[in-house]
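K.L.:
Give me the fold of what follows.
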Amino acid sequence: MEETFSNLETYGYIGLFLYSLGGGFVALVGAGVLSFMGKMDLTTSMFIAFTANALGDVLLFYMARYQKSMMMEGLRKHRRKLALAHVMMKKNGSWIILIQKYVYGIKTLIPIAIGLTKYDFKKFAILNVVSSAVWTLSIGFGAYYSGNFLVNLAGIIGEKPWIAPIILVVFAGALWLYMEKATKKKKI
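P.N.:
Down below sits the predicted model:
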C-alpha cells in the first residue's frame, strides 16, 4: 500500500493533468481525498486540474473551429449527441459552459458544439477559464472536506468488493438511458 501512495505522490500530478484535459472529475476527487490524507498537496492538485481542464476545452473548441473536417469524421457516430449539445447550448446560453463541467457524457461535446458555431473565441475562453475555476474549487474543496466520508466509503467497498460493480453498472446504465432518451429521434 505504501508503494501505491509513493507512486501517486510521484506520478499522481501527471495523471491528474492528463485526465483533466478531458474532464477530470474522478481524478480531482481522488486528488482531494489524497490531499486530505496528506499524500498530495491540495493547492497544487487544484491548480493542475484547473489548468488542464481549461486548456482541454479551449483545444476542443479550437479543433472544432479550425479542423472541422477532421473533427466531424471522428464525431460521425455521435451526431445526435452533438445535436443535443447544440440544443442545450441554445436553451442555456453561455451558462452551458459552466454546466457542462459537471455533466458526464457531454463534457467534451459542448466545447466542440460551440466551436462549430460562430461563438466568439475570446468570450468562450474567458467563460471557460471562470467555469474551470468554479469547477475546480467546488470539486477540489468538496472532495477534501468530504475526505473522511470518502475514505470510509472506500473501506466499505474494499470489504465488500461486489458493491463497486453494482454502482458502476447503475451509473453507466442511467447515463446510457439518459443519452438514449435525450438523443432519440422524435416522431412527428
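
K.L.:
okay, CA-based contacts and neighbour counts for the rest of this
P.N.:
Noted.

K.L.:
ok, the residue positioned nearest the centre of the chain - contacts?
P.N.:
The residue lying closest to the centre of the chain (C-alpha atoms, centre = their mean) is residue 23, at 2.6 Å. By C-alpha atoms under 8 Å, 6 or more residues apart in numbering, residue 23 lies in contact with 53, 101, 107, 108.

K.L.:
Tell me the spacing between the second one and residue 25.
P.N.:
Same thing as residue 101. As for residue 101, its distance to residue 25 is 9 Å (criterion: C-alpha to C-alpha, to the nearest Å).

K.L.:
go on, the last one?
P.N.:
To residue 25, residue 108 is 13 Å away according to C-alpha to C-alpha.

K.L.:
and if you look at the first one?
P.N.:
As for residue 53, its distance to residue 25 is 10 Å (criterion: C-alpha to C-alpha).

K.L.:
Settle it for me: which of those two has more neighbours?
P.N.:
Summary of the neighbour comparison: residue 53 and residue 25, criterion other C-alpha atoms under 10 Å, with residue 53 having more neighbours (29 against 22).

K.L.:
Residue 127 touches residue 97, doesn't it?
P.N.:
Yes - the pair residue 127 / residue 97 is scored as a contact, 6.9 Å apart, by C-alpha atoms under 8 Å.
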